[in-house]
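Engineer: Turn this into a structure:
(one chain, ligands or ions: 1)
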Amino acid sequence: MISMVVPELGTWEGKIFVGILGFSWATYMWEEYLAYRQRHVYREKVEPPSELKGIMERTTYDKARAYSIDKSNFSMVEGFCSHIVNTGVMLYGGLPVFWSAAGKMSEWLGFSVDSEIPQTVAFICLASAVNTVVNLPWSVYFTFKVEQKHGFNKQTPGFFVKDKIKKFIVSQVISAPVVAGLVYIIKAGGDYFFLYLWGFTTAVMLFFMTVYPDYIAPLFDKYTPLPSGPLRDQIEELARQIHFPLTKLYVVEGSKRSAHSNAYFYGFFKNKRIVLYDTLLEDYTPLNEDGEAKQNEEETKAAAEGEKEKKKTGCSTPEVLAVLGHELGHWKLNHVLKGIIISQVNLLLVFGVFGSLYKYSPLYRTFGFHQSQPAFIGLIIVMQYVFAPYNEVLQFLLTMFSRHNEFQADAFAKSLGHSEQLTSALVKLNEDNLGFPVYDSLFSAWHLSHPPILERIRALEDGEKKEK
Ligand SMILES: [Zn+2]
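Structural biologist: Residues are numbered from 1 along each chain as shown. As a prediction, the model looks like this:
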């Protein structure tokens, strides 16, 4: 039988333990309180507010409401269970259990008992395997029940299983050398190891950002160059107009996964690419799995029967251009660069604190490590637990920053003359994605990285951004 491994309350480790556990419950309750407030909005706002006239149809509003309620209920149950599991892991010393299992694994593979690098790699592999398995029922339920019910899921069970396995293997192949490098640097780096640690993570990040689009992303989804035509010409023209160094223009087959739509740009310096989800493009959206012939047939039928058939989703060419005007606004206004700088400064701070704390033994004893002080375990404890309050504040500030950037990018698209098309694109995308347009003020301030659609439309109309 496993027993609780709670440290004595009078000791330092006891105090740290209580602090960490208390904070994790406090944030959990706070999140649940916000979710409760938002659920209240879903339940109470049965009638669409008057300002939605001309923006959202009644039937779409009802569908969005039902979808939001289902998602919110799902997160409530899932959140409760995972919080209980996390508390259990702390109370019953889950980390040392995994750590010693990883030690046995690496010993079995022929490494010496006290070699920390292979043990850490085995630990990561073991922990993520268990994590994937534990999360599997939730992921299955969400994809095949919640998303399916509301018409978003496009994954077949076969695709789902293959995708999960591929993700697991790829992430292990990537993380093994990275984790080995991190542990080596912590062990061998001397007094200023945190600086090397920072340099190493920065290099690794830049490396994966460079190879990701060509070598990793295609393992999971199909990317095809956007065929020449009016859309391609106009996108290239838009890029020229604002001096965006566009080198590649792809459509990704997002419809194999879900009916949700999106667009983004990616890349370094003079080598940038734009990726459009096929679900964003009106002309690409498959109405069924039988391909285009059937699609056209159905379209004519729909026209004949007076739109009784399934409605076409996605945006028209001018609307796609407006969406890209917004996305490229993020580039022109350096939002991406600012984001990277913030995260790098933050990482330096975290590593610096880790550098001064990582030999502090009560920290390890808090989590049941009495004999050994594995470097990577220390890093997890500092980044995840010691920094938890800081992470919450930082996350809140970043969410505010992101909302601010969204208004700016909208204003940029407007300055290019896409205001009206952007409004109609936002309306369509909100409709296609069944976004619920009404928000509780606290929930919105804490969670929304994108401002609510009504605020964005109002700002586009006013021509001046409003911060919430
Ligand atoms: Zn944006």
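Engineer: Average pLDDT for stretch 62-69, rounded please.
Structural biologist: The average of the pLDDT scores along stretch 62-69 is 95.
Engineer: I'd like to check what contacts that stretch. Which residues are they?
Structural biologist: 39, 42-43, 45-46, 56, 150, 434-437 (C-beta atoms under 8 Å, 6 or more residues apart in numbering). In this view, the C-beta of every residue, glycine as well, is placed from N, C-alpha and C.
Engineer: Go again with 7 Å.
Structural biologist: 42, 150, 434-436 (C-beta atoms under 7 Å, 6 or more residues apart in numbering).
Engineer: Alpha carbons of it, as PDB, please.
Structural biologist: Extracted C-alpha coordinates of stretch 62-69, given in PDB (Å, rounded to 0.1, in the frame of the first residue of the first chain):
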ATOM      1  CA  ASP A  62     -28.800  29.100 -29.600                       C
ATOM      2  CA  LYS A  63     -26.300  26.600 -31.000                       C
ATOM      3  CA  ALA A  64     -23.400  28.600 -29.600                       C
ATOM      4  CA  ARG A  65     -25.000  28.700 -26.200                       C
ATOM      5  CA  ALA A  66     -25.600  25.000 -26.200                       C
ATOM      6  CA  TYR A  67     -22.000  24.300 -27.300                       C
ATOM      7  CA  SER A  68     -20.600  26.700 -24.600                       C
ATOM      8  CA  ILE A  69     -22.600  25.100 -21.900                       C
END
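Engineer: Buried residues, it. List them.
Structural biologist: Buried residues in stretch 62-69, counted by 16 or more other C-beta atoms under 10 Å: 63-65, 67-68.
Engineer: next one: that stretch to chain centre, how far?
Structural biologist: 22 Å (C-alpha atoms, centre = their mean, to the nearest Å).
Engineer: Need the max-distance pair from the contacts of stretch 62-69.
Structural biologist: 42 and 150 (13.9 Å; C-beta to C-beta).
Engineer: Those two: which has the busier surroundings?
Structural biologist: residue 42 (21 against 17; other C-beta atoms under 10 Å).
Engineer: Which neighbouring elements make contact with whatever helix or strand the more buried one lives in?
Structural biologist: Using DSSP states H and E, residue 42 maps to helix 12-44. In terms of contacts (3 or more C-beta pairs under 7 Å, 6 or more residues apart in numbering; DSSP states H and E), helix 12-44 is packed against helix 58-91, helix 361-366, helix 388-415, helix 441-447.
Engineer: what's the next secondary structure element after the last one?
Structural biologist: In the C-terminal direction, the helix or strand that comes right after helix 441-447 (DSSP H and E) is helix 453-462.
Engineer: which parts of that following helix are buried?
Structural biologist: Quick answer for helix 453-462 (16+ other C-beta under 10 Å): 453-460.
Engineer: Tell me the one of those nearest residue 265?
Structural biologist: Looking across the buried residues of helix 453-462 and measuring by C-beta to C-beta, the closest to residue 265 is residue 456, at 19.6 Å.
Engineer: my guess is the closest one meets residue 426, correct?
Structural biologist: Yes: with contact defined as C-beta atoms under 7 Å, residue 456 reaches residue 426; the gap is 6.0 Å.
Engineer: Check whether stretch 424-439 comes near the ion.
Structural biologist: No: figure legend: stretch 424-439 not in contact with the ion (C-beta under 5 Å from the ion); closest approach 10.7 Å.
Engineer: now the buried residues of stretch 62-69 in JSON lines, with distance to the ion?
Structural biologist: What follows is the buried residues of stretch 62-69, written out as JSON lines (distance: C-beta to the ion, whole Å):
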{"residue": "63", "distance to the ion": "24"}
{"residue": "64", "distance to the ion": "20"}
{"residue": "65", "distance to the ion": "25"}
{"residue": "67", "distance to the ion": "22"}
{"residue": "68", "distance to the ion": "21"}
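Engineer: Just the closest of these to residue 214, please.
Structural biologist: For these, the nearest to residue 214 is residue 67 (35.4 Å; C-beta to C-beta).
Engineer: Which of the helices and strands in this protein ranks last by mean pLDDT?
Structural biologist: Lowest by mean pLDDT, DSSP states H and E among the helices and strands of the chain is helix 292-304, with a mean of 41.
Engineer: now the angle from the following helix or strand past that one to helix 388-415?
Structural biologist: For helix 292-304, the following helix or strand on the C-terminal side (DSSP H and E) is helix 317-332. Taking axes from the mean of the first three to the mean of the last three C-alpha atoms, to 10 degrees, one finds helix 317-332 and helix 388-415 inclined to each other by 130 degrees.
Engineer: Contact residues of the chain facing the ion?
Structural biologist: So the chain meets the ion at 406, 409 (C-beta under 5 Å from the ion).
Engineer: residue ranges with poor pLDDT in the chain?
Structural biologist: Within the chain, the ranges that satisfy pLDDT under 70 run 1-2, 284-312, 463-468.
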